[in-house]
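**Q** Got a predicted structure here, sequence first:
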Amino acid sequence: MYEGVILSGDRKLTRAELNQRVARAAGGFEKMGVGEDDSVCLMLRNDFAFFEGSMGASLAGAYAVPINWHGSADEAGYILDDCDARALVIHADLLPGIESNIPDSCAVFVVETPPEVGDAYGIPADARTVPEGRTDWYAWLADQPAYTKEPATTRTNMIYTSGTTGNPKGVRRQPADLATQAKMNELFEIVFGLKEDNSIRTVITGPMYHSAPNAYGLWSAKLAGLVILQPRFDAEELLQLIEQYRITHVHMVPTMFVRLLKLPDEVKSKYDLSSLKFVVHAAAPCPPDVKRQMIEWWGPVINEYYGGTETGAVFFHNSEEALKKPGTVGRALPFADVRIVDDQKNELPQGEIGEIYLRLIGWPDFTYNKNDAKRAEAGLEHLVTCGDVGFMDEDGFLFLCDRKKDMVISGGVNIYPAEIESVLIGMPGIRDCAVFGVPDEEYGESLAAHVQLADTAITEAEIRSYLGKRLAKFKVPKLIVFESELPRQDSGKIFKRKLREPYWAEAGRQI
């Protein structure tokens, strides 16, 4: 049995070693003057340094602020400036891309890009090393005194939202006292299946700059017997890891399910997955057929939760409930408060579609960093919206229709692209897809579908025929575009904004 071990490629870090490094990081940050409510940014792929920097900042009383390393130099610079970053911990190969946008007041610590990460992303060997004249994270860490104080409170990471419109917003949560921390422990055991148990063995499949993999990864490092960092998601490699290490727990997103299901049958059947006990997914709608196939393959170990960076997980359901209520994202947890409202913020009766406002009772409240006004806009009394639209059925199960901002109004009719995507992704030969609204002179908006194929040749006519047999005619996209690759984040989620923006820019309109 493993007793607190993190593996990444051929490298190994024990929990005792991690705790020592965290204490030194916190001590070093404190010596720099970093403390209560300051910010330490992390621009790292999944690596030991992510845990060290994040936990070290928290121990010192600061907020750890992960930066999406897919972003541009301007986007990274905005976050560094907005959170008044006192320090940045960054992989060596990422530094040149943002160097000119790092504020002079921000100390920079460079982490050598590890071999397994460099190989996974095809990074040249000479780009992986710490540049001359820059501070090496591990050389610096070795010289720091261990932090010995008891932290007064616990801070979660400050995650910046995706910034679909305008600049991203930092979700700055209030520190948690002991009572609140106990409530958070209870929640993570329900939705992640994680507790202090060395028999738990997990793989971190998604990038920890995202809020869900961030919480799951940090919690796993504190509680699980074994944590494996997958440098970059690969479907068959995940199956290999599950069999080799007898993995019990995994956190995933639906795109990963789709990629797993599209593996050849002979690949899917050759791995022993019987060790799995608790697989949980979130972050995007999961087509009911995809969920059913995963349960049939992996067994009744598939769970799902729904919430947001601002709210935490508020809804949850298991495999049995998923099969009884196809398409649901679950029922509200016992300590949740939920309201579904119309455009005038009037509460709607059961079964009617509206915007979802929600909150966990006892969960630390938040504001958007330096933007209390935006926090007020997102709120309804003590509740907050993640921008999703849906309805509650007679048994209290929530069903999402789409993001409110993604809803398309064509000729006065509301259309939810997520519904179309869930059908289209099930078409044989379709690897992935994105459906969204584009300007239309007659109807205001019409539907466009950008499609990435597998190894099969498919025509526009075949796609329209497939959708036309399963959806109303007005839900069949007017425009179908084939892409060799859809722009996506490392988790597999598609950057829909990058596909949509050119259409609106050409029409001289903003979205």
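**A** Here it is on my side, so go on.
**Q** Bridged to V250, which residues?
**A** Taking DSSP bridges, one obtains V203, V279 as the residues bridged to V250.
**Q** Does it touch T202 like I think?
**A** Yes: judged on C-beta atoms under 8 Å, V250 makes contact with T202 at a distance of 6.2 Å. Any C-beta I mention is one placed from the backbone N, CA and C, and that applies to glycine too.
**Q** buried sites along stretch 34-52?
**A** If you call a residue buried by 16 or more other C-beta atoms under 10 Å, then stretch 34-52 has these buried ones: 34, 38-52.
**Q** And for stretch 130-142?
**A** Neighbour counts using 16+ other C-beta under 10 Å place V130, D136, W137, W140, L141 of stretch 130-142 among the buried residues.
**Q** any idea which of those residues is closest to F391?
**A** Using C-beta to C-beta, W137 is the member of these that lies nearest F391, at 48.6 Å.
**Q** Which segments of the protein make up each domain?
**A** Listed by automatic domain parsing, the domain ranges of the chain are 11-152, 181-403, 409-506.
**Q** Of all those, which one is nearest Y2?
**A** Y2 sits nearest to domain 181-403 of all those, at 3.9 Å, using C-beta to C-beta.
**Q** wait, doesn't V40 sit right on G28?
**A** No: look at V40 against G28 with C-beta under 8 Å: they stay out of range, at 10.5 Å.
**Q** Find residues that contact each of these two.
**A** When contacts are counted by C-beta atoms under 8 Å, 6 or more residues apart in numbering, the set common to V40 and G28 consists of G56.
**Q** the strands in the stretch 201-350 of the chain, which residues?
**A** 224-229, 249-252, 278-281, 302-308, 312-317, 328-332, 336-341 (DSSP state E, counting those that start in this stretch).
**Q** which of these sits most buried?
**A** The highest mean neighbour count among those, using mean count of other C-beta atoms under 10 Å, belongs to strand 249-252: a mean of 27.
**Q** Could I have the CA atoms of that one written out in PDB?
**A** Taking only C-alpha atoms (Å, rounded to 0.1, in the frame of the first residue of the first chain), the coordinates of strand 249-252 have been written out as PDB:
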ATOM      1  CA  HIS A 249     -10.600   7.200  -7.800                       C
ATOM      2  CA  VAL A 250     -10.500   9.400 -10.900                       C
ATOM      3  CA  HIS A 251     -11.800  12.900 -11.700                       C
ATOM      4  CA  MET A 252     -12.700  13.500 -15.400                       C
END
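**Q** Please work out the average pLDDT along that strand.
**A** Averaged over strand 249-252, pLDDT sits at 97.
**Q** Could you verify that R464 is part of a helix?
**A** Yes: note on R464: a helix contains this position according to DSSP: H, G, I helix; E, B strand; the rest coil.
**Q** Phi first, then psi, for the residue nearest the centre of the chain.
**A** A centroid search over the chain (C-alpha atoms, centre = their mean) returns H210, at 3.8 Å, as the residue closest to the centre. In this entry, H210 is assigned phi and psi values of phi -80, psi 150 (degrees, to the nearest 10).
**Q** pLDDT score for it?
**A** With respect to pLDDT, H210 has a value of 90.
**Q** A283 is in contact with that one, correct?
**A** Yes: between H210 and A283 there is a contact under C-beta under 8 Å: 7.2 Å.
**Q** circling back: want to try CSV for the strands of the stretch 201-350 of the chain, with distance to L7 as columns?
**A** Formatted as CSV, those follow (distance: least, C-beta to C-beta, whole Å):
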stretch, distance to L7
strand 224-229, 5
strand 249-252, 15
strand 278-281, 19
strand 302-308, 24
strand 312-317, 27
strand 328-332, 32
strand 336-341, 35
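**Q** Need the pLDDT of S54.
**A** The predicted structure lists S54 with a pLDDT of 97.
**Q** need the contact list for the closest residue in space to it that isn't next to it in sequence.
**A** Of all residues beyond its chain neighbours, the one nearest S54 is A64 (4.0 Å), with distances taken as C-beta to C-beta, 6 or more residues apart in numbering. Under the criterion of C-beta under 8 Å, 6+ apart, the contact partners of A64 comprise S39, V40, C41, L42, G53, S54, M55, A57, S58, R155, N157, M158.
**Q** Against which helices or strands is the longest helix along the chain packed?
**A** With DSSP state H applied, the helix covering the greatest number of residues in the chain is identified as helix 15-32. Using 3 or more C-beta pairs under 8 Å, 6 or more residues apart in numbering; DSSP states H and E as the contact criterion, the secondary-structure elements in contact with helix 15-32 are strand 5-8, helix 48-59, helix 137-142.
**Q** residues in contact with it?
**A** Residues beyond helix 15-32 that count as contacts (C-beta under 8 Å, 6+ apart) turn out to be 3-6, 35, 40, 48, 51-53, 55-57, 59-60, 62, 86-87, 107, 140-148, 221.
**Q** can you do 7 Å?
**A** With contacts defined as C-beta atoms under 7 Å, 6 or more residues apart in numbering, helix 15-32 is touched by 4, 6, 40, 51-53, 55-57, 59-60, 62, 86-87, 107, 140-141, 144-147, 221.
**Q** filter the residues you listed to the buried ones?
**A** Burial of the contacts of helix 15-32 was assessed by neighbour count (16+ other C-beta under 10 Å); the buried members are 4, 6, 40, 51-53, 55-57, 59-60, 62, 86-87, 107, 140-141, 144, 147, 221.
**Q** any weak-confidence spans in this protein?
**A** 152, 162-166, 489-492, 507-511 (pLDDT under 70).
**Q** Assign a three-state SS to the residue of it most remote from its centre, would you?
**A** For the chain, the C-alpha lying farthest from the average C-alpha position belongs to E442; by C-alpha atoms, centre = their mean, that distance is 37.2 Å. In three-state terms, and counting by three-state DSSP, E442 is coil.
**Q** So it versus P417, what's the distance?
**A** When distances are taken as C-beta to C-beta, to the nearest Å, E442 and P417 turn out to be 19 Å apart.
**Q** With Y121 instead?
**A** Distance of Y121 to P417, computed by C-beta to C-beta: 30 Å.
**Q** Then A461?
**A** Distance of A461 to P417, computed by C-beta to C-beta: 21 Å.
**Q** Who has more neighbours out of the two?
**A** The neighbour count for A461 versus P417, taken as other C-beta atoms under 10 Å, is higher for P417 (25 against 9).
**Q** can you map out the helices along the stretch 101-250 of the chain?
**A** Per DSSP state H, counting those that start in this stretch, the stretch 101-250 of the chain carries helices over the ranges 115-120, 137-142, 178-192, 211-223, 235-245.
**Q** Could you do the stretch 251-400 of the chain as well?
**A** Remark: helices assigned in the stretch 251-400 of the chain by DSSP H, counting those that start in this stretch are 254-261, 265-268, 288-298, 319-324, 372-378.
**Q** now, of those helices, which is deepest in the fold?
**A** Mean neighbour count (mean count of other C-beta under 10 Å) peaks for helix 254-261 among the helices of the stretch 251-400 of the chain, with a mean of 20.
**Q** ok, and what's touching that one?
**A** Contacts with helix 254-261, where a contact means C-beta under 7 Å, 6+ apart, come from 205, 233, 235, 281, 284-286, 290, 293-294, 425, 492-493.
**Q** how much space between the residue nearest to the centre of the chain and I458?
**A** When distance is defined by C-beta to C-beta, H210 is 31 Å away from I458.
**Q** first vs last residue of stretch 361-378, how far apart are they?
**A** Taking C-alpha to C-alpha, to the nearest Å, the span from the opening residue of stretch 361-378 to its closing residue is 17 Å.
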